[in-house]
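[1] Output the structure for:
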Amino acid sequence: MNNQYQEKIFSIGSGIKSFVKLNIVLFLIVLMFFINYFAWNDDSKVSIFIFIIFAEPFIILYSTINCFKPYEKIKKIEFDKEQPKEWIALSIVIIFLSLFSLIFLGANIPYPSTIIFLILMTNFMVALYSVFFHPVAIGFYEANVYSEKSTVFDYIFKYIAIFFSGINYYVQITLLKLPLFINKLIAIVFVLLLLWQAFGVIGLFE
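    Sure, this is the predicted structure:
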């Protein structure tokens with residue numbers, strides 16, 4: 001049974017699932033921008049269109065890669081609804097994320113779009129680090145997210161890792177399926193895409 005499972009090296013279903021999930025995330029991001037609709041400028045509709053157009057090719061590429069070797073399952077993020085420490089940590093991180101993102105109000109980005117900008121920039125920095133230290137970046141995320149938790153601080157670090165480097169993690173873990181040269185090439189493209197999208201957020205409200 002296990003051998004039959006591993007022999008399945010291509011699955012269109014895995015690619016479709018990735019495509020749908022990523023487009024849902026993209027939709028939620030764009031929805032966040034619409035919350036700040038009254039802060040848009042005359043060219044904001046074009047900026048939204050460009051933001052989506054630049055994201056879609058990478059989503060398609062990521063989903064295509066995920067069609068291969070679907071037996072390399074990515075661990076699911078567990079949420080214990082009955083664990084008070086989990087709820088407390090999540091609330092603390094969301095509040096921290098919101099407050100910290102307010103530093104970008106000076107760049108004319110309104111809240112809550114500041115949160116999107118912060119997540120893009122932190123993932124950009126981790127993605128840049130991952131180009132040179134791929135295993136370390138992956139290991140750091142997994143150690144904080146998937147290790148056993150016992151204190152509120154453990155859960156806080158879990159959600160900080162998810163928000164600040166989660167996008168990068170899922171891309172990097174998928175790129176492990178590829179030869180080193182192609183892996184690094186796409187990783188560099190991903191770094192540039194995150195930076196471009198972050199500046200796109202600025203252009204949306206500038």
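[2] Please, where are all the helices along the chain?
    Applying DSSP state H to the chain gives helices spanning 2-7, 12-35, 44-65, 84-101, 113-132, 134-145, 152-175, 180-205.
[3] Mind putting those helices into JSON lines with mean pLDDT?
    Supplementary listing: those in JSON lines, determined by pLDDT from 0 to 100:
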{"stretch": "helix 2-7", "mean pLDDT": "48"}
{"stretch": "helix 12-35", "mean pLDDT": "93"}
{"stretch": "helix 44-65", "mean pLDDT": "94"}
{"stretch": "helix 84-101", "mean pLDDT": "95"}
{"stretch": "helix 113-132", "mean pLDDT": "96"}
{"stretch": "helix 134-145", "mean pLDDT": "93"}
{"stretch": "helix 152-175", "mean pLDDT": "94"}
{"stretch": "helix 180-205", "mean pLDDT": "95"}
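[4] and of those helices, who's closest to residue 74?
    For the helices of the chain, proximity to residue 74 was assessed by CB to CB; helix 152-175 is nearest, at 5.8 Å. C-betas here are computed from N, CA, C, even on glycine.
[5] Give me the contact list for that closest one.
    Contact with helix 152-175 is made by 62, 65-66, 74, 77, 85-86, 88-90, 92-94, 97, 119, 122-123, 126-127, 130, 134, 137-138, 140-142, 144-145, 147, 149, 183, 186-187, 190, 194, as judged by CB atoms under 8 Å, 6 or more residues apart in numbering.
[6] Buried ones among those?
    62, 65-66, 85-86, 89-90, 92-93, 97, 119, 122-123, 126-127, 130, 134, 137-138, 140-141, 144-145, 149, 183, 186-187, 190, 194 (16 or more other CB atoms under 10 Å).
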